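Chemist: Sequence isn't available, so here's the structure alone:
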């Protein structure tokens, strides 16, 4: 039994649905002035659930940490990279990440010019020089880091994704040499110390550091194969009875964690307990999905398909839900249909984009550049 690439894709498919629901209904101002039905639930209940689904970020970070750690093993040395290997890993990972991002960025930029005045409003509200600088910062995926305007507010995650790629090999090395406990303790205390001494804007203070504990957990789970070991654990010799007991116990724990996160958020403690609310709970949900959901036939294939397109959907869906088609999206009225419409439209556009990339030669170009990067790094002394 192995927690493999398809398992990761399937859980990404679940996480992207969580993300769309979260962004659409995390607070009443998301649908203010619009008629939305929450039948058979109350508005308060759906808003609370949607707010909880912010765990999708921690789920993605964990999966990124897990996947990148597994990828380090191809370099040998138990994942410890030499200087040349680190360059190979870094340049090729960043190239593949940014190549996909630039396609969506360019499309978003062009459509924003013709559909609304967002490009001018976002980038050029001050002067041309600031506008050009903001465009380059946004296109680099680092607008959140530089605190510059962005064409799409959801793209703050790009800064975190780049940061994870940059530092993960060093963290994996420390975890391997000195043990995971030291690494997890450092991950808890160092960001808090930095946050105390480096005063940033309130909404800019935590997002790089607050999610990184999930990446560290991803490293540890990958190094010790904990996901597969947890799923392989049996309570009794009867595998069906064992599965039933695990389902009851783990579902009860999931419900308890849900109420704990909701309570911490309502009481204003979530910002100080983010290791639990935004890291440990998301990782638990990943495991829960792996244990009970992603192995279901047919559903697994659907989730893997969504997971394959999850990066594009993440980059696209805010344009559809908020910037371009807000009135249309919410015109279907029922909250579940709103989420479904955003998902379907984002997925359809992603499929079209991937077909264009395939038949235009873009994917071959990305592969060609990737190969050249590998060759150039290999030539270095």
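Modeler: Received, thanks. Predicted model only: the values in this text are computed from it and were never measured. Numbering: from 1, shown residues only.
Chemist: ok, residue 338 - contacts?
Modeler: Contact partners of residue 338, counting by CB atoms under 8 Å, 6 or more residues apart in numbering, are 24-25, 31, 36, 329-330, 332. Any C-beta I mention is one placed from the backbone N, CA and C, and that applies to glycine too.
Chemist: biggest separation within the residues you listed, which pair?
Modeler: Using CB to CB, the pair of the contacts of residue 338 lying farthest apart is 25 and 332, separated by 13.4 Å.
Chemist: Neighbour count for these two, which is higher?
Modeler: residue 25 (23 against 16; other CB atoms under 10 Å).
Chemist: Not including adjacent chain positions, what is the nearest residue to residue 369?
Modeler: Nearest non-adjacent residue to residue 369, counting by CB to CB, 6 or more residues apart in numbering: residue 95, 6.2 Å away.
Chemist: before we move on, which element is the one you found in?
Modeler: In the assignment (DSSP states H and E), residue 95 maps to helix 83-115.
Chemist: Which other helices and strands does the helix or strand that comes right after that helix contact?
Modeler: Next helix or strand after helix 83-115 toward the C-terminus (DSSP H and E): helix 118-123. Under the contact criterion of 3 or more CB pairs under 8 Å, 6 or more residues apart in numbering; DSSP states H and E, helix 118-123 touches helix 83-115, helix 128-139.
Chemist: residues of helix 118-123 that come out buried?
Modeler: By 16 or more other CB atoms under 10 Å, the buried positions in helix 118-123 come out as 118-119, 122-123.
Chemist: Reformat the residues you listed as JSON lines; add pLDDT.
Modeler: Below are those laid out as JSON lines (pLDDT from 0 to 100):
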{"residue": "118", "pLDDT": "90"}
{"residue": "119", "pLDDT": "93"}
{"residue": "122", "pLDDT": "93"}
{"residue": "123", "pLDDT": "95"}
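Chemist: hang on, the earlier thing: wait, which of the helices and strands packed on helix 118-123 is closest to residue 304?
Modeler: When the helices and strands packed on helix 118-123 are ranked by proximity to residue 304 (CB to CB), helix 83-115 comes first, at 18.0 Å.
Chemist: Taking helix 128-139 as reference, get the angle to the closest one.
Modeler: 120 degrees (axes from the mean of the first three to the mean of the last three CA atoms, to 10 degrees).
Chemist: residues of helix 83-115 that come out buried?
Modeler: Neighbour-count burial for helix 83-115 flags 85-94, 96-101, 103-105, 108-109, 112 (criterion: 16+ other CB under 10 Å).
Chemist: Repeat that for stretch 160-174.
Modeler: Result for stretch 160-174 [16+ other CB under 10 Å]: buried residues 160-165, 168-169, 171-174.
Chemist: mind listing what residue 330 touches?
Modeler: Residues in contact with residue 330 (CB under 8 Å, 6+ apart) are 31, 34-36, 338.
Chemist: Out of those, give me the two with the largest separation.
Modeler: Among these, 35 and 338 lie farthest apart (CB to CB), at 11.1 Å.
Chemist: and whichever strand or helix holds residue 263, what does it pack onto?
Modeler: Per DSSP H and E: residue 263 is located in helix 239-266. Judged by 3+ CB pairs under 8 Å, 6+ apart, helix 239-266 is in contact with helix 43-52, helix 281-292.
Chemist: got those as CSV, with distance to residue 236 columns?
Modeler: Below are the helices and strands packed on helix 239-266 laid out as CSV (distance: least, CB to CB, whole Å):
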stretch, distance to residue 236
helix 43-52, 32
helix 281-292, 16
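Chemist: Could you give the number of residues near residue 248?
Modeler: 10.
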